[in-house]
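> build me a model from this:
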Amino acid sequence: MVQTIYLCAMLKSTLLKATEAGANELRRFFNGSFKISQKEGINNLVTEADHASEKAIMDIIKKDFPDHFILSEESGETGSANEYKWIIDPIDGTVNFANGIPICCVSIAVEHNGKMILGAVYNPNMNEFFFAEKDNGATLNEKKITVSDKREVLRSCLVTGFPYTYLDEPNGPIQVFEKLIRQGIPVRRLGSAAIDLCWVAAGRFDGFYEHKLSAWDSAAGFLIVEEAGGKVTDFKGNYYSPYQPHIVATNGKIHDELLMYVNGEM
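Below is the predicted model:
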């Protein structure tokens with residue numbers, strides 16, 4: 001029991017240190033000059049700062065837990081199979097970052113035997129550090145946060161994102177967006193899924209949906225939403241896994257109704 005408590009404390013300490021280290025690189029490069037490269041799709045960028053943040057994060061994790069598995073956006077998978085996995089987005093919102101828009105962050109989650117147990121999302125530009133531990137709630141700058149109390153999609157403020165390679169499919173991103181805005185429902189697009197999720201957790205948005213995310217986009221944020229009292233599923237309403245592309249995250253009260261919009265039933 002003592003050993004388990006000690007390990008949990010170590011994991012949390014390393015997570016906080018790693019998140020801060022990545023954020024320091026984000027701060028160092030923000031609004032400065034840096035190299036930019038292109039990934040798959042138009043405007044799917046990776047910058048010198050992404051790589052610097054990733055290195056700073058991974059150096060700390062590998063020092064404290066050299067045998068843990070790591071999944072990171074830029075480097076992919078490193079390490080051998082282990083019951084612990086670190087899921088890293090060194091800068092979520094890279095296009096924002098590259099254009100000097102301060103809606104970007106470091107996002108890191110810790111998974112144990114397939115279940116997310118810790119998550120941290122830090123936007124140093126706004127001095128907002130979101131954190132969650134499984135079964136222990138969610139915080140913003142160490143103060144407890146909870147989701148909103150809105151009960152109708154029509155009265156809600158929503159947020160979404162669009163993929164770099166557009167999905168031409170029934171009830172795709174544009175079709176769902178059009179249905180919502182034709183109802184007069186405000187739908188925002190911030191450009192960082194991790195921040196979208198955290199702002200749902202903090203009650204700023206009532207719901208978030210997106211058609212195509214990767215694990216590093218949502219692993220930390222979805223735990224933060226759940227620990228703030230919200231609900232997160234795939235488009236079918238099944239328990240959420242960050243290893244599939246679809247996500248709906250809400251305060252729980254509008255969840256079923258928002259799923260109907262997303263699935264073309266409204």
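
> in terms of pLDDT, where does the closest residue to His246 other than its chain neighbours sit?
Leaving aside its chain neighbours, His246 sits nearest to Phe235 (4.2 Å; criterion: Cβ to Cβ, 6 or more residues apart in numbering). To be clear about C-beta, it is placed using only N, CA and C from the backbone, and glycine gets the same treatment. Looking at Phe235, its pLDDT is 97.

> and what of Glu73?
Looking at Glu73, the pLDDT reads 87.

> report how many residues lie close to Glu152.
11 (other Cβ atoms under 10 Å).

> do you know how far it is from Thr233?
To Thr233, Glu152 is 19 Å away according to Cβ to Cβ, to the nearest Å.

> ok, now Cys105?
Counting by Cβ to Cβ, the gap from Cys105 to Thr233 is 23 Å.

> the more surrounded of these two?
Cys105 (33 against 19).

> surely that one meets Ile195?
Yes. At 5.6 Å, Cys105 counts as touching Ile195 under the criterion of Cβ atoms under 8 Å.

> any idea how far the residue nearest to His246 lies from Leu259?
For Phe235 relative to Leu259 (Cβ to Cβ), the value is 7 Å.

> which neighbours do these two have in common?
Residues touching both Phe235 and Leu259 (Cβ atoms under 8 Å, 6 or more residues apart in numbering) are Val248.

> which of the two has more residues huddled nearby?
Leu259 (21 against 16).

> surely Lys55 is within a helix?
Yes. Applying DSSP: H, G, I helix; E, B strand; the rest coil, one finds Lys55 inside a helix.

> ok, it to Met10 distance?
21 Å.

> who has more neighbours out of the two?
The residue with more neighbours, out of Lys55 and Met10, is Lys55; 17 against 12, by other Cβ under 10 Å.

> how about that one, what does it touch?
Lys55 neighbours (Cβ under 8 Å, 6+ apart): none.

> please enumerate the helices of the chain.
Using DSSP state H, the helices assigned to the chain run over residues 2-29, 48-64, 94-98, 173-182, 193-201, 215-227, 255-262.

> what comes into contact with the third one?
Contacts of helix 94-98 with the rest of the structure, by Cβ under 8 Å, 6+ apart, involve 26, 29-30, 36, 43, 45-47, 49-50, 91, 102-104, 190-192.

> alpha carbons only: can I get that helix in CSV?
What follows is helix 94-98, C-alpha atoms only, in CSV (Å, rounded to 0.1, in the frame of the first residue of the first chain):
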residue,chain,number,x,y,z
THR,A,94,0.6,24.3,-33.4
VAL,A,95,-1.1,26.4,-36.1
ASN,A,96,-2.2,28.9,-33.4
PHE,A,97,1.3,28.8,-31.9
ALA,A,98,3.0,29.4,-35.3
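
> return the distance of that helix from the chain's centre.
Centroid separation for helix 94-98 versus its chain: 15 Å, with Cα atoms, centre = their mean, to the nearest Å.

> got it, and the second one?
The gap between the average C-alpha position of helix 48-64 and the chain average comes to 18 Å, counting by Cα atoms, centre = their mean.

> no further questions, thank you.
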